[in-house]
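Participant: Sequence plus the predicted model coming up.
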Amino acid sequence: TLIDRAVFPGTQGGPHMHTIAAKAVAFGEALQPEFKDYAEQIVKNAKRLAEELQKRGFKLVTGGTSNHLILADIHSSFGIDGKEAEIAMDKIGLTLNANAIPDDPLPRFRPSGIRLGTPAVTTRGAKEDDMKKIAEWMRRSIDSRDNDDKLTELRKEVVEFCHTLRDI
């Protein structure tokens, strides 16, 4: 029938057992008391990182954060677009993405903002004090974006820091 063709196989498929198993593991982990501590640490880290970024001239779209994400207006902070910042930070080993901000004056492929979060670094064991280092590397990568030698040195610092964290 027309309904059957509209639903299967386009929007509906069979049960994916690997997905069901992954969800079961994730739900089981979320039921553990340590998961609450982990979630709280993610937010603590994000709040500290937001504070440290603001100290270094980053204008945050919401003035801070109350969750795991931070959205910074790189264009009004440093006069560059988010893609330039993303590329510079990727070169030193910090992963984030260019992101549009509300009423963004720049085109969508070169937006004004960057978006980053703290779950990955928190999973590796980073705490609030570590956010100061990360904010400093972010600022230095923007300032050094046209100097590959400086970016290489920054990358060495980031890699050295990562070796102090737990492997996952």
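Facilitator: Happy to help now that I have it. As the structure is a computational prediction, the values presented were derived from the model and not from experiment. Residues are numbered from 1 along each chain as shown.
Participant: C-alpha only now, for contacts and for neighbours.
Facilitator: Fine.
Participant: Show residues contacting stretch 130-141.
Facilitator: 45, 48-49, 52-53, 56, 85, 88-89, 92, 94, 151, 154, 158 (C-alpha atoms under 8 Å, 6 or more residues apart in numbering).
Participant: ok now that stretch, how far from the chain's centre?
Facilitator: 13 Å (C-alpha atoms, centre = their mean, to the nearest Å).
Participant: Alpha carbons only: can I get that stretch in CSV?
Facilitator: Extracted in CSV, the C-alpha atoms of stretch 130-141 (Å, rounded to 0.1, in the frame of the first residue of the first chain):
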residue,chain,number,x,y,z
ASP,A,130,42.6,21.9,34.2
MET,A,131,40.2,24.3,32.4
LYS,A,132,42.6,27.2,33.0
LYS,A,133,45.2,25.4,30.8
ILE,A,134,42.7,24.6,28.1
ALA,A,135,41.4,28.2,28.0
GLU,A,136,45.0,29.4,27.8
TRP,A,137,45.8,27.1,24.9
MET,A,138,42.7,28.2,23.1
ARG,A,139,43.6,31.8,23.3
ARG,A,140,47.3,31.2,22.4
SER,A,141,46.1,29.1,19.4
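Participant: can you confirm Ile70 is in a helix?
Facilitator: No: applying DSSP: H, G, I helix; E, B strand; the rest coil, one finds Ile70 to be strand, outside a helix.
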